[in-house]
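> I need the structure of the sequence given here:
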Amino acid sequence: MRVLITGGAGMVGSHAAEYYAKRGEEVVVLDNLMRSKLFEYDKKTVEFNWNYLKNYKNIKRIKGDIRDKRDVVSAIGRGVDLCIHTAGQPGVGLSVKEPMEDFSINAFGTLNVLETLRQKSKDACFVYCSTNKVFGENVDKLKLVEKAKRYVFDGGKGIAEDMPIDLTGHTPYGASKYTGDIYVQEYAHIYGMKTAVFRMSCIYGVRQFGFEDQGWIAHFIISNILKRPVTIYGDGKQVRDILYVEDLVAAYDSFFRSRIRHDVYNIGGGSENTTSLLELIDTIEGLTGIKMEYKFSGWRPSDQKVYVSDITKVSKALGWKPNITPAYGVKLLIDWVKNNAGIFQ
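Down below sits the predicted model:
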């Protein structure tokens, strides 16, 4: 079996690559390592996962761009059985500043991988990492109840797949990811490809290099351990359901091995695995014994006050459920950051 992982130097991509490598599969990883350029981020952290994957002899790393057909053709090689498309521009803020670059990566890049895969390996399964941002501000039309440290939905288990997507604000990031989302669905309908769209909530795990614009759980943990201040945009009562990355990859594999030809799934920790920003700070402080320094600023565009995935559909369809609790997952990430603190200095 051959597996192609785009964006393999990222947190989700590297875990997906490792998952299949540990099972003895032949894995190809494609990444252009441009995160340092996009976010002015330290090169050694951007390339940490890239270098980590050297530990597996059955992982072939190709430095290339999902927007370049030649690079994608090279990665597909003689053909693959599964392509997990994790590559993307993940920052809302950057999408507002550079919408053309955001579209080029998230929309065109996805279409380029899809079409090249169809031409070169049409029987392969394609898994797309979408986002809860495709629902945009429609989520905020749901009634909320304000508690001391969080908002909660006034009834209901969370956001299901039939939540409306149109006629609302998304941010350019949400729009570009939704463009890819729709193309993945269309390639199943018109070309008969086996595809899955996973509209992800907050994914976290070890080897995550979070920063202010993306990967907020890791960002808070890294800042706490290094005693750096953080900025909370809004009032900190925003709530997300959180899912440990290993559970996410297990869901991808469950779809691949299923007889389902195509579907769309909302995926996250669900209603039993949620936290607000303020609650996460309390959790981190309790585990590290270090007081978090933070300040408040204005709300960011289209920042949903509450997003909790209704994971009923994905759980029933794939026989899947989250296994790693937030308490355990956050501790794993804290321990990893402590053991690798020198990377972040």
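
> restrict the helix or strand hosting residue 186 to CA atoms and write it as PDB.
Element membership for residue 186 (DSSP states H and E) is helix 171-191. Presented in PDB, the C-alpha positions along helix 171-191 are these (Å, rounded to 0.1, in the frame of the first residue of the first chain):
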ATOM      1  CA  THR A 171     -13.100  35.300   6.200                       C
ATOM      2  CA  PRO A 172     -11.100  34.500   3.100                       C
ATOM      3  CA  TYR A 173      -9.600  31.500   4.900                       C
ATOM      4  CA  GLY A 174     -13.100  30.000   5.400                       C
ATOM      5  CA  ALA A 175     -14.000  30.800   1.800                       C
ATOM      6  CA  SER A 176     -10.900  29.200   0.300                       C
ATOM      7  CA  LYS A 177     -11.200  26.100   2.400                       C
ATOM      8  CA  TYR A 178     -14.800  25.800   1.400                       C
ATOM      9  CA  THR A 179     -13.900  26.100  -2.300                       C
ATOM     10  CA  GLY A 180     -11.600  23.000  -1.800                       C
ATOM     11  CA  ASP A 181     -14.400  21.300   0.200                       C
ATOM     12  CA  ILE A 182     -16.900  21.700  -2.600                       C
ATOM     13  CA  TYR A 183     -14.400  20.500  -5.300                       C
ATOM     14  CA  VAL A 184     -13.700  17.400  -3.300                       C
ATOM     15  CA  GLN A 185     -17.400  16.700  -3.100                       C
ATOM     16  CA  GLU A 186     -17.800  17.300  -6.800                       C
ATOM     17  CA  TYR A 187     -15.000  15.000  -7.800                       C
ATOM     18  CA  ALA A 188     -16.900  12.200  -6.000                       C
ATOM     19  CA  HIS A 189     -20.100  13.100  -7.800                       C
ATOM     20  CA  ILE A 190     -18.900  13.700 -11.300                       C
ATOM     21  CA  TYR A 191     -15.800  11.500 -11.500                       C
END
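
> quick one: that helix to chain centroid distance?
Mean C-alpha position of helix 171-191 versus that of the full chain (C-alpha atoms, centre = their mean, to the nearest Å) differs by 16 Å.

> show me what it is in contact with.
With contact meaning C-beta atoms under 8 Å, 6 or more residues apart in numbering, helix 171-191 is reached by 88-92, 94-96, 99, 102-103, 105-107, 109-111, 114, 118, 122, 126, 128, 130-131, 133-134, 136, 165, 170, 193-197, 199, 261-262, 264, 301-302. Yep, even glycine has a C-beta here, placed from its N, CA and C like the rest.
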